[in-house]
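**Q** Sequence and predicted structure are below.
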Amino acid sequence: MYYGGGMNKLLAMSVNHNSKMLYCYIRVFILVVLWCEGHHLMGQSKTEILGQPKMAIHYPVGKNLSHSFALVHRAYLFQDNWTYNARHFEASHFSTLAIGHLSKISLGLTYRNLDIFENGGQNEVWITHQYAYASRKRVARFGHRARIENRFRGSRTSFRLRYRFAVDFPFQGQKLDVGEFYGITSLEPLHSFENKRNPEYDFRLSTGLGKLVKKGVMAQFLLDYRWIDIFEKKDAQIFLLMDVHFHLRDML
């Protein structure tokens, strides 16, 4: 009898804790949306709104090795006025090796096609070296990701350093079950540089919701606010990110 009461008490504490997290998360999400909109309306800088749907497939090829393949489309939704203007199509492949239970290293290749939508647009190739580390505390998962990117555009070659810190957590219970929602928030500074050009410093803040649609299938909607060249142009872009991820290991 005492054991059952203890379990009920733990369950109640878990529900109460997650309710507080959900309330706090909704407040942060609303504040970010209002701040972005206010920043745009004040006209302190040029602000653009873009949509970016993504589909990714993740599949294992061994105990510690996995691959992922993703397709991305980017389009302008607002520049000087509301319109739809396709920007580029992108395909990427990453190979990932797990190091222990918490760390992973990855090597990625990305091809970005601009010429299909824009006459004279230079297509791009990216090579990405990545290290990721994740840990858990209670119901929240904390992720660290560092990237070194080489970007090739015609005769130009640039390098970019990125670090992302992200937090995600389920809104119900101790773990994410099928049909349940989760919250995700991240921040990421970026530093780009290339020969005979001034270095560029960007910053990104994103927040949104995800859902475990079915076993191995996750959908996410994120509002991603990006400060472009914060010490020079001070422009900004708001991205509406819509992702669908298929994890074949969990689906089979």
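**A** That came through, no problem. Numbers count the residues shown, from 1 in each chain.
**Q** make it CA atoms for all contacts and neighbour counts henceforth
**A** OK.
**Q** Kindly list the longest strand within the chain.
**A** As assigned by DSSP state E, the longest strand anywhere in the chain is strand 82-99.
**Q** Report the distance from that strand to the chain centre.
**A** Remark: strand 82-99 is offset 11 Å from the chain centroid, using C-alpha atoms, centre = their mean, to the nearest Å.
**Q** I figured residue 67 was touching residue 98, is that so?
**A** No. Residue 67 is beyond contact range of residue 98, at 11.3 Å (criterion: C-alpha atoms under 8 Å).
**Q** so what strands line up beside the helix or strand that contains residue 166?
**A** Using DSSP states H and E, residue 166 maps to strand 156-170. Take DSSP bridges as the rule and strand 156-170 pairs in its sheet with strand 140-153 (antiparallel), strand 181-194 (antiparallel).
**Q** Which parts of the helix or strand following the last one count as buried, going by neighbours?
**A** Put plainly, it is strand 181-194. Heading C-terminal from strand 181-194, the first helix or strand you meet, by DSSP H and E, is strand 200-214. Neighbour-count burial for strand 200-214, counted by 16 or more other C-alpha atoms under 10 Å, picks out 200-212.
**Q** okay, the angle between strand 200-214 and strand 156-170?
**A** 40 degrees (axes from the mean of the first three to the mean of the last three C-alpha atoms, to 10 degrees).
**Q** Please enumerate residues in contact with strand 200-214?
**A** 29, 176-193, 218-231 (C-alpha atoms under 8 Å, 6 or more residues apart in numbering).
**Q** May I have the following helix or strand past it as PDB, with CA atoms only?
**A** Tracing the chain past strand 200-214, the next element assigned as helix or strand by DSSP H and E is strand 217-228. Provided in PDB are the C-alpha atoms of strand 217-228 (Å, rounded to 0.1, in the frame of the first residue of the first chain):
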ATOM      1  CA  VAL A 217       8.800   9.200 -37.200                       C
ATOM      2  CA  MET A 218       9.200  12.700 -35.700                       C
ATOM      3  CA  ALA A 219       7.800  16.100 -36.900                       C
ATOM      4  CA  GLN A 220       9.100  19.500 -35.800                       C
ATOM      5  CA  PHE A 221       8.000  23.100 -36.400                       C
ATOM      6  CA  LEU A 222      10.600  25.700 -35.300                       C
ATOM      7  CA  LEU A 223      10.800  29.500 -35.400                       C
ATOM      8  CA  ASP A 224      14.400  30.300 -36.200                       C
ATOM      9  CA  TYR A 225      15.600  33.900 -35.800                       C
ATOM     10  CA  ARG A 226      18.900  34.700 -37.500                       C
ATOM     11  CA  TRP A 227      21.100  37.800 -37.000                       C
ATOM     12  CA  ILE A 228      23.200  38.200 -40.200                       C
END
